[in-house]
Structure formats: C-alpha cells, structure tokens
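Asker: Provided below for reference: sequence and predicted model.
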Amino acid sequence: MANHVSSLKRARQTETRTEVNRANRSRVRTSLRNMSEALATGDLKAAQTQYRATVSVLDKGVQKGVLHDNTASRYKSRLNARLKALVTAKA
C-alpha cells in the first residue's frame, strides 16, 4: 500500500483514470457490436445510421487515447466495406 502523500494521490488518480478508460473502451465496443448487429439484420437504413454513430465513437476513442488511430481507421474501413457490400446486395 502507498504510504507517501504523493503516492496516495497517484493511486487515487489511477483509479479515476481506470474508470474513465473502462467507460470509453466499453462505449467503443458497444458501438461496434451494435454496428455488427445492424449489418447482420440487413436493414440498410439502420446500418447507415449506425455506421455514422460508430465512426463518431471510434474517432472519440482515438481522441481519448483508447484506440490507436490506425486501429480505428482499420475498423472504419472494414465496416464501410461491409456496409457497401450490403448496399450492393440490396441493389
């Protein structure tokens, strides 16, 4: 256990930041799961709406330091490819 005042403060800060990071990571994962479900149902309108929301959440995840920017770009690219496949399948 921390004994110095500074180390006690650092322990408190770590707990706070851990909660914030967990919430941000959970938000990203939930959005990705919702996008996958929207694609699986085949509802084009819902998938397009969810894609925009998911891209926003991914960009915010990068901003918050939860995701690396290349990782978010890879996710967005793959989701966009799946969305385009759905669009062409409907056409």
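Answerer: Yes, it's here.

Asker: any weak-confidence spans in this protein?
Answerer: Residue ranges of the chain with pLDDT under 70: 1.

Asker: Strands of that one, residue ranges please.
Answerer: For the chain, no strands are identified by DSSP state E.

Asker: which residue is nearest the centroid of it?
Answerer: Nearest to the geometric centre of the chain sits Val28, at 2.1 Å (CA atoms, centre = their mean).

Asker: what number of residues lie near the closest residue to that one other than its chain neighbours?
Answerer: Using CB to CB, 6 or more residues apart in numbering and skipping the chain neighbours, the partner closest in space to Val28 is Gly61 (4.4 Å). Any C-beta I mention is one placed from the backbone N, CA and C, and that applies to glycine too. Gly61: 23 surrounding residues under other CB atoms under 10 Å.

Asker: and what of the one 4 residues further on?
Answerer: For Gly65, the number of neighbouring residues by other CB under 10 Å comes to 11.

Asker: contacting residues for the residue nearest to Val28?
Answerer: Taking CB atoms under 8 Å, 6 or more residues apart in numbering, we find Gly61 in contact with Asn24, Arg25, Arg27, Val28, Leu67, Ala72.

Asker: how near is the fourth one to Thr71?
Answerer: The reference is to Val28. Distance of Val28 to Thr71, computed by CB to CB, to the nearest Å: 10 Å.

Asker: Could I get the full set of helices for this structure?
Answerer: For the chain, the helices defined by DSSP state H occupy 5-41, 44-64, 69-90.

Asker: Identify each buried residue in the last one, please.
Answerer: Yep, that's helix 69-90 we're talking about. Neighbour-count burial for helix 69-90, with 16 or more other CB atoms under 10 Å as criterion, is recorded at Ala72, Tyr75, Leu79, Arg82, Leu83, Leu86.

Asker: and Thr54, how many residues sit next to it?
Answerer: Residues within reach of Thr54, counting by other CB under 10 Å, total 24.
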